[in-house]
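>>> dropping a prediction and its sequence here:
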Amino acid sequence: MISVALVDDHIMVRSGFAQLLNVEQDIEVKGEFSSAKEAYATLSRTDIDVAVIDISMPDESGLSLLERLRKNNPAFRAIVLSIYDSASFVSKAIEAGASGYLSKRCGPGELVTAIRTVAAGDRYLCADALFNLSNAPTAPKELDELTKREREVFDLLVQGKGVKEVAAELTISHKTIHVHRANILGKLGLSNNVELIRYALQHKLLVE
């Protein structure tokens, strides 16, 4: 029997998934959670085979939750759900440790298939996510010089967000963001935010 946990703040989505999965003879929904905090408190100390996690949660990103769960248990397996299926989102999910990725446009039968595939130890990407990932432009090599945190700051800055917005989203100080921004500009050979956004557009990094 494959044990599954559902993490989504929309009760109708969770209930629909639970009803769909519980009719399968080899799948059992063992937990439903409406927030990342609630999910972490239970899943960090409970063994389940596959978690289905929505990226957009009210209190914490589903990807951040997944990273914390995998830090606690490297064998933790999860399928990430999102309304987006761009290469950028899929890549970030894989980097966070996702074993599967499904667009919310996928049919209910594909969720069942994905759960069985991931529970068996394989990876499952929906067709659109796989296509977008396979056809994504190659990122410039100099981006590899950025640290993980610098890349997070880069991604937010090129979306046109200000330092205060970036600081609030990453829950770090304005001064730290300024330091990261200076490091990013130096490593990429740029002078200001305008050039940063132009750089992202030139290399087709703004795909969402």
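Noted; the coordinates are in hand. Since we're looking at a predicted model, the values are computed, not measured.

>>> phi, psi of the residue lying closest to Val112 once chain neighbours are set aside?
In space, not counting the residues next to it along the chain, Val112 is nearest to Glu24; the distance is 6.0 Å by CB to CB, 6 or more residues apart in numbering. (Each C-beta comes from the backbone N, C-alpha and C, glycine too.) For Glu24, the backbone dihedrals are phi -80, psi 130 (criterion: degrees, to the nearest 10).

>>> hang on, Glu24 packs against Leu111?
No - with contact defined as CB atoms under 8 Å, Glu24 and Leu111 do not form a contacting pair (10.2 Å).

>>> got the CA positions of the top helix by length along the chain in CSV?
Looking only at the chain and at elements set by DSSP state H, the helix with the highest residue count is helix 174-188. Provided in CSV are the C-alpha atoms of helix 174-188 (Å, rounded to 0.1, in the frame of the first residue of the first chain):
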residue,chain,number,x,y,z
HIS,A,174,17.9,45.1,3.3
LYS,A,175,21.6,45.5,3.9
THR,A,176,22.2,41.8,3.1
ILE,A,177,20.2,42.2,-0.1
HIS,A,178,22.4,45.2,-1.1
VAL,A,179,25.5,43.1,-0.5
HIS,A,180,24.1,40.2,-2.6
ARG,A,181,23.1,42.6,-5.4
ALA,A,182,26.6,44.1,-5.5
ASN,A,183,28.1,40.7,-5.7
ILE,A,184,25.7,39.7,-8.5
LEU,A,185,26.5,42.8,-10.5
GLY,A,186,30.2,42.3,-10.0
LYS,A,187,30.2,38.6,-11.1
LEU,A,188,28.1,39.4,-14.2
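
>>> distance check, Gly186 against Glu145.
Applying CB to CB, to the nearest Å, one obtains 10 Å for the distance of Gly186 from Glu145.

>>> so for those two, which sits in the more crowded spot?
Taking other CB atoms under 10 Å, Gly186 and Glu145 do not tie; Glu145 has more neighbours (14 against 11).

>>> what's near enough to touch the more buried one?
With CB atoms under 8 Å, 6 or more residues apart in numbering as the criterion, the residues that contact Glu145 are Lys187.
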